[in-house]
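[1] need a structure here:
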Amino acid sequence: MSLVEPVTVATRPVEQLEPVIGRDRLAELVRAAGRFRRKLGDRTVWNISSTAVGGGVAEMLLVLLGYVRDLDIASRWLVISGDAEFFVITKRLHNQIHGQAAGGPLTAGEAGHYARVLAANAVELLGHIRPGDLVLLHDPQTAGLIEYLARAGAIVAWRSHIGLDWANEATEEAWGFLRPHLCSAHGFVFSRREYIPPWIARDKVAIIPPSIDPFSPKNQHLDDATVRGILTRIGLLDGAVPQGPTSFLRREGTTGQVSRPAEITAERLPNPDDPIVIQVSRWDRLKDMQAVMCGFADHVTPTGRGFLLLVGPAVAGVTDDPEGAAVFADCLQRWRELPAAVRARILLVTLPLDDADENAVMVNALQRHASVIVQKSLAEGFGLTVAEGMWKSRPVIGSAVGGIIDQIPPGAGILLSDPRDLNAFGAAVRSLLDDPAEADRMGRAAHAHISKHFVGDQHLMRYERLFDAMLQESQRG
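    Numbering: from 1, shown residues only. Sure thing, here's the model as predicted:
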């Protein structure tokens with residue numbers, strides 16, 4: 001059985017971006033792609049990650065690499081594999097980089113297991129990757145591949161999609177674990193400058209925030225009838241028309257239909273016109289889903305309106321996140337402990353991952369139906385669900401941590417200075433539910449901000465500059 005699996009990416013026409021980014025920005029992207037193709041020659045650009053589904057990194061790669069295919073740049077995506085112990089180790093690294101010390105320092109035995117798993121993956125990768133190829137590795141799961149690929153002549157960059165604005169003992173331990181694996185990299189990518197460890201040379205680093213694709217199933221326009229049709233089909237709305245439209249455009253351009261139900265834990269369902277507050281994220285302790293529930297229960301339900309939906313992926317479907325099932329179980333237990341009247345206004349929703357596009361359009365419909373979108377993370381590498389919610393002209397309440405700070409300017413959302421202050425969180429939710437006109441104004445400002453700063457052309461242009469610099473450096477070496 002192969003350890004390394006290719007991911008098939010459908011072509012996405014870059015011309016469809018013109019109504020969003022304008023003719024000038026589109027023309028500059030096409031010119032930059034032409035320059036890069038000439039410099040790349042017969043090399044290939046490889047992306048390597050640990051999963052093709054169930055997270056923002058995978059979703060973003062499917063979109064960006066679709067545009068790259070249309071720009072005729074030779075690019076491939078491979079997914080490595082590991083056993084349960086490997087992903088427990090990398091999840092602890094993930095948490096430590098976010099400042100969470102749960103589980104304690106990683107042992108020498110665990111370091112050895114991490115290295116052995118990646119050494120086995122490297123053997124297969126070297127059957128694909130040629131000397132001179134450009135390789136972009138994603139997150140701690142792949143750091144141990146750098147030495148093997150660089151030694152074989154590949155030009156390797158490592159991207160961390162996660163980080164913390166300050167250092168503590170947990171972050172120091174994580175970076176100490178990863179540092180020996182990172183020293184052979186030719187370049188690095190971080191989402192924020194504050195995330196760069198002090199021992200990485202700044203001239204090797206590119207700051208590249210993530211982006212959304214306005215036409216992906218996650219973000220494409222859905223009319224009100226389709227939104228309600230999808231939410232009814234997945235089993236979420238009470239009293240809606242049972243056979244409403246559920247069609248959407250898949251990444252490859254064909255028409256899809258939502259047919260799978262969600263798994264919904266609820267005492268009762270909201271009606272189509274009930275206000276909805278929603279947080280969409282992985283079942284991850286750093287997303288603080290249980291505290292969102294408690295904040296809504298204690299500080300919104302007594303005097304405020306609406307329902308809260310906590311939405312995440314099916315817990316069996318995200319292979320690189322062994323913590324998800326435990327976090328969901330904790331949320332379920334806390335939900336059962338709530339008073340009946342409060343419990344009736346809170347729903348736990350898990351969405352199937354069998355079809356990535358169908359999963360994405362379910363999230364799209366949920367966000368478009370929401371009155372308020374929340375991302376009350378304790379730490380966040382970037383938090384692309386914020387940009388996705390803002391793109392849909394919805395007001396977003398987000399923690400003032402990590403990349404969320406970069407996405408929500410004054411007047412286009414609400415930043416929570418202390419994400420653990422549940423009273424302030426509840427007050428922010430109530431203020432938007434009680435003032436729909438202000439929520440609408442804030443949502444329109446949010447959409448304009450995302451259109452200007454967080455669409456895929458900017459993302460690809462930054463990668464072009466990074467890869468160009470790495471090619472030039474390799475030629476000088």
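[2] so where's the stretch 101-250 of the chain shaky on pLDDT?
    Within the stretch 101-250 of the chain, the stretches with pLDDT under 70 are 240-241.
[3] Quick test: name the residue nearest the centre of the protein.
    G56 (2.1 Å; C-alpha atoms, centre = their mean).
[4] Need phi/psi at that residue.
    phi -60, psi -30 (degrees, to the nearest 10).
[5] Could you pull up the residues touching the nearest residue to it once chain neighbours are set aside?
    In space, and not counting its chain neighbours, G56 is closest to L384: 4.5 Å by C-beta to C-beta, 6 or more residues apart in numbering. For every residue, glycine as well, the C-beta is placed using N, CA and C. Residues counted as contacts of L384 (C-beta atoms under 8 Å, 6 or more residues apart in numbering) are 56, 59-60, 210, 212.
[6] Go through those and name the one nearest G22.
    Nearest to G22, judged by C-beta to C-beta, of those is I212 at 16.6 Å.
[7] distance of the closest one from H447?
    11 Å (C-beta to C-beta, to the nearest Å).
[8] Pull up the overlap in contacts between those two.
    Joint contacts of I212 and H447 (C-beta under 8 Å, 6+ apart) are W391.
[9] With neighbour numbers in mind, choose between the two.
    Each of I212 and H447 has its neighbours counted (other C-beta atoms under 10 Å); I212 has more, 24 against 16.
[10] do you know how far that one is from E59?
    Distance, I212 to E59, using C-beta to C-beta: 9 Å.
[11] Can you work out which residues contact both of the two?
    Residues touching both I212 and E59 by C-beta under 8 Å, 6+ apart: 218, 384.
[12] Only the buried residues of the top helix by length along the chain, if you could.
    Criterion DSSP state H: the longest helix present in the chain is helix 456-476. Neighbour-count burial for helix 456-476, counted by 16 or more other C-beta atoms under 10 Å, picks out 456-464, 466-467, 469-471.
[13] Could you tell me whether A157 really is in a strand?
    Yes. The assignment for A157 (DSSP: H, G, I helix; E, B strand; the rest coil) places it in a strand.
[14] So what does the closest residue to it other than its chain neighbours have for phi and psi?
    With C-beta to C-beta, 6+ apart as the criterion, A157 has its nearest non-adjacent residue at 3.8 Å, and that residue is G187. Backbone torsions for G187, taken as degrees, to the nearest 10, come to phi -160, psi 160.
[15] how many neighbours does G187 have?
    21.
[16] what's the closest non-adjacent residue to H369?
    V227 (5.3 Å).
[17] mind listing what G411 touches?
    Applying C-beta under 8 Å, 6+ apart, the residues contacting G411 are 442, 445.
[18] tell me the SS of it?
    coil.
[19] Look up how far A448 lies from it.
    10 Å.
[20] Low-confidence bits of the stretch 351-477 of the chain, can you list those?
    Using pLDDT under 70, the stretch 351-477 of the chain drops low at 477.
[21] how about the helices in it?
    Secondary structure of the stretch 351-477 of the chain (DSSP state H, counting those that start in this stretch): helices located at 356-369, 384-391, 404-407, 422-434, 436-453, 456-476.
[22] Over to the stretch 101-250 of the chain?
    Using DSSP H, counting those that start in this stretch, helices in the stretch 101-250 of the chain cover 108-125, 146-151, 169-182, 224-233.
[23] Alpha carbons of the second one, as CSV, please.
    Read that as helix 146-151. Output of helix 146-151 as CSV, limited to C-alpha atoms (Å, rounded to 0.1, in the frame of the first residue of the first chain):
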residue,chain,number,x,y,z
ILE,A,146,12.8,18.8,4.4
GLU,A,147,16.3,17.2,4.8
TYR,A,148,15.5,14.3,2.5
LEU,A,149,14.1,16.4,-0.3
ALA,A,150,16.8,19.2,0.0
ARG,A,151,19.6,16.6,0.0
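[24] Find out how far it is from the centre of the chain, if you would.
    Mean-position distance between helix 146-151 and its chain equals 27 Å (C-alpha atoms, centre = their mean, to the nearest Å).
[25] Then stretch 310-329?
    Counting by C-alpha atoms, centre = their mean, stretch 310-329 comes out at 14 Å from the chain centroid.
[26] Then stretch 214-224?
    With C-alpha atoms, centre = their mean, you get 17 Å for stretch 214-224.
[27] okay, how far is it across that stretch, tip to tip?
    Start to finish, the residues bounding stretch 214-224 are 17 Å apart (C-alpha to C-alpha, to the nearest Å).
[28] Buried residues, it. List them.
    Buried-residue list, stretch 214-224, by 16+ other C-beta under 10 Å: 214-219, 222.
[29] so can I have a markdown table of those residues showing distance to P245?
    As requested, the buried residues of stretch 214-224 are exported to a markdown table (distance: C-beta to C-beta, whole Å):
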| residue | distance to P245 |
| --- | --- |
| P214 | 21 |
| F215 | 19 |
| S216 | 19 |
| P217 | 15 |
| K218 | 18 |
| N219 | 18 |
| L222 | 9 |
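[30] From the residues you listed, pick the one nearest I162.
    K218 (20.2 Å).
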